[in-house]
Each structure stands twice: as C-alpha cells, then as structure tokens.
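after the sequence you'll find the predicted model.
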Amino acid sequence: MNKPDDTFGRQLKATFDESVEKLDAATLSRLNRGRHEALAELQRPGRRWSHWMPATGVAAAVLVAVMLLQSPTAIDDFPEAANVTDMEILLGEDSIEMLEELEFYSWIDSADMDSDVS
Amino acid sequence: MDVSTAVFAVSCSGTPKTGTRALQKERQLNQFLAEVERRALRIAEIGIRDRDEALDLVQDAMIKLVRSYSERSREEWTPLFYRILQNGVRDWHRRQAVRNRVMVWFGKKASDDNDYDAIASAPDPIGRAPEEELSNNEAMERLDGAVHDLPARQREAFMLRMFEGLDVAGTAVAMGCSEGSVKTHYSRAVHALREQLEEHRPEERGS
C-alpha cells in the first residue's frame, strides 16, 4: 500500500479520510443497499447468457462490416455527424443503456445535420 | 442402510461443502465491498461532482465485480473494482459530453459541474464548533475542486494512489496503463495540487 511520504500528502489524505468518515446516514444507507443488491447477484441464476455477449458483439460488428463492404454506397449514406467519437461512445463496453436511446440520438443527429444545411 | 438411503447420502455429500464455500465467498465479498465503498463513493464523487450519480456508479461497479470477478482472488478485487469504477466515470463523462451537445442544440444551458455545491453535499456535522466545521468543509471543498480540475488521468492516478492507497502496480491495473504512466501522472498531479493548494496549508496561514 502507498503511504503519503510528506506533510502535504498526509494533509490531503487526512482531509479526504475525514470526508469519508463524515458521510451522512442516508448515503451510508444507500451504499449498504447497493452492496446487498450486488451480493444478490451471487444467487441469481441464468447468468450464462452474459458469457455469450462478447461473441454476439463481435458477430454483430462483423455483420455490419460485411454489409458495408457489400454495399459501398451505404458508406456514402452514412451520416457525417455520426463521427468516430460518437460511435466510440455508443459502442463502448458500458453503453447498453445508451443503445436503448439510439433512436433518439440518431434523430438528434439527423436534425442537427438538417439545421447545418439550412 | 438401504440402497436409496445410501444414494441420498452420496448425492448430498457435496452440498454442505459447496454451500459453505459459497457462503464464505459471499462473506468475503461483503467485507471487501464494505471496506471499499465509502472511499470509492468519494473518489467517484470528486470525479463527477454529483453524489447521486456517484452512488449509482459505485453500485454498478459492485454489481459488475460480483457478477464477473467474484471467483478471482481477494487481492485482485481492489484494482479490478477500481478499474470498473474508473471506466464508469469515464463513460459518465462521455455521456455528459453527448448530452450537453444535445442540450446546446435545443438551446438549453449545458449542464455545468460548477453548479455542484460541495457545502450542500457535505456530510452532517458531528458535534464540532461551527468555525471548525466551516474550516473543514472549506478544506474539503478546495481539495475536491482542485482534484476534480486535474486532467482525467492525473486525477485517476492521484486518487487511486493517495486516497485508496493502491501501489503503482495496482494503480496500473486499475487504470489500464503501464506503471511508468502511473508514476508520470501521479507526479504531475502532486506537483499541480501542491502549487494550487499549498498556500492554504494551516501552518503557513499562521506564519
């Protein structure tokens, strides 16, 4: 474990530790609930499907790549606004909830492009 | 003992052992999460300046750790847990960036984390004089603000090393980078914080 090696570091650590010690009861209660909900995962059956998620993701990516290669015009139709950064965000590991809102963000992107054109 | 009794005895012989092992694992995980959750919450909160969102991120990290890494050794849990949490914080910032762009398109004010009121989010006082409480809250607010304002990777390295007490190797696992990068980020973070905060050190205020 790392130990703060100077007075300045020790002061920062002490201030941080104090803020941890002084967390209010409502916050501690929520942490406690969250911990128990997490531990309930140990008893939850049928988690095997999650092992297939990476393979499913790769298969979907390959399918999209093949479709784009098979249909070069589709690349031209790809919205400019959906740039690399956005795709990275949307396809990030923890962005399942974001994918549920994909239609909404897609609409925003197209509306954004329309406003740029006009 | 007849045959059916013998078969039942054999079929049940593994159950108590498995049950005990599962119970032991649950106890270990509970103990680990209870040890780490408060510091993790404050670390996430400093990263995103929103306690409710930080609570959600910590719970999410706990669930993912239990779901994916409960079979790993106890020593591996800390860096893995913080790796999940830091990914959550980074993902949160990315989503905020997209949402802010959307809000700007709608002509609304993009959410600004400067709206975060550290005093309002500060914990309940516990029997201190008001002046002391104010001074502590101010110190905490300054620290939160200064650490939050660091570049993301420096902030991660600093909080994991200084606040969580991870060593260089553990921090590297948690951040998904080399040990050399951890040392560089940490050193720069300490240098920046020293410049920003040292003028508020109590002994220097008195002199």
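Received, thanks.

starting at the chain centroid, how far to the host helix or strand of residue B:180?
Residue B:180 is located in helix B:179-197, with elements delineated by DSSP states H and E. When distances are taken as C-alpha atoms, centre = their mean, to the nearest Å, helix B:179-197 is centred 19 Å away from the chain's centroid.

tell me where the model's unsure across chain A.
A:1-5, A:45-54, A:68, A:70-118 (pLDDT under 70).

so what are the domain limits for it?
A:7-44, A:50-117 (automatic domain parsing).

the longest helix along chain A near chain B anywhere?
In chain A, with assignment by DSSP state H, the single longest helix is helix A:53-70. No: applying C-beta under 8 Å from any C-beta of the partner chain, one finds helix A:53-70 out of contact with chain B, separated by at least 10.8 Å. Heads up, the C-betas are built off the backbone N, CA and C, glycines and all.

re earlier: may I see the buried residues of the helix holding residue B:180?
For helix B:179-197, a neighbour-count test (16 or more other C-beta atoms under 10 Å in any protein chain shown) marks B:181-182, B:185-186, B:188-190, B:192-193, B:196-197 as buried.

residue ranges for the helices of chain B, please.
B:3-12, B:15-48, B:51-69, B:74-105, B:118-121, B:130-148, B:152-158, B:168-175, B:179-197, B:202-206.

just checking, what packs against the second one?
For helix B:15-48, the contact count by 3 or more C-beta pairs under 8 Å, 6 or more residues apart in numbering or on different chains; DSSP states H and E identifies helix A:7-21, helix A:25-39, helix B:51-69, helix B:74-105, helix B:130-148, helix B:152-158 as packing neighbours.

turn those helices into CSV, including mean neighbour count and distance to residue B:173.
Listed next are the helices and strands packed on helix B:15-48 as CSV, based on neighbours: other C-beta atoms under 10 Å in any protein chain shown; distance: least, C-beta to C-beta, whole Å:
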stretch, mean neighbour count, distance to residue B:173
helix A:7-21, 16, 21
helix A:25-39, 16, 21
helix B:51-69, 21, 12
helix B:74-105, 18, 4
helix B:130-148, 16, 21
helix B:152-158, 22, 12
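
would TSV of these with distance to residue A:66 be doable?
What follows is the helices and strands packed on helix B:15-48, written out as TSV (distance: least, C-beta to C-beta, whole Å):
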stretch	distance to residue A:66
helix A:7-21	51
helix A:25-39	39
helix B:51-69	30
helix B:74-105	28
helix B:130-148	44
helix B:152-158	36
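
tell me the angle of the helix holding residue B:180 relative to helix B:168-175?
For helix B:179-197 against helix B:168-175, the angle by axes from the mean of the first three to the mean of the last three C-alpha atoms, to 10 degrees is 90 degrees.

angle of helix B:179-197 against helix B:130-148?
Angle, helix B:179-197 to helix B:130-148, by the same axes, to 10 degrees: 140 degrees.

give me the contacts around helix B:179-197.
Here helix B:179-197 makes contact (C-beta atoms under 8 Å, 6 or more residues apart in numbering or on different chains) with A:8-9, A:12, B:142-143, B:146-147, B:150, B:153-158, B:161-162, B:168-169, B:171-172, B:175.

what is the mean pLDDT for that helix?
Helix B:179-197 comes out with an average pLDDT of 94.

angle of it against helix A:7-21?
Put simply, helix B:179-197 runs at 90 degrees to helix A:7-21, going by the same axes, to 10 degrees.

pull helix B:179-197 out as CSV, backbone CA atoms only.
The C-alpha coordinates for helix B:179-197 follow below in CSV (Å, rounded to 0.1, in the frame of the first residue of the first chain):
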residue,chain,number,x,y,z
GLU,B,179,3.4,1.6,-14.3
GLY,B,180,5.6,4.2,-15.9
SER,B,181,2.5,6.2,-17.0
VAL,B,182,1.1,5.9,-13.4
LYS,B,183,4.3,7.4,-12.0
THR,B,184,4.2,10.3,-14.5
HIS,B,185,0.5,11.1,-14.0
TYR,B,186,0.8,10.8,-10.2
SER,B,187,3.9,13.0,-10.1
ARG,B,188,2.3,15.7,-12.3
ALA,B,189,-0.9,15.6,-10.2
VAL,B,190,1.0,16.1,-6.9
HIS,B,191,3.0,18.9,-8.4
ALA,B,192,-0.2,20.7,-9.7
LEU,B,193,-2.0,20.2,-6.4
ARG,B,194,1.0,21.4,-4.4
GLU,B,195,1.0,24.6,-6.5
GLN,B,196,-2.7,25.1,-6.1
LEU,B,197,-3.3,24.1,-2.5
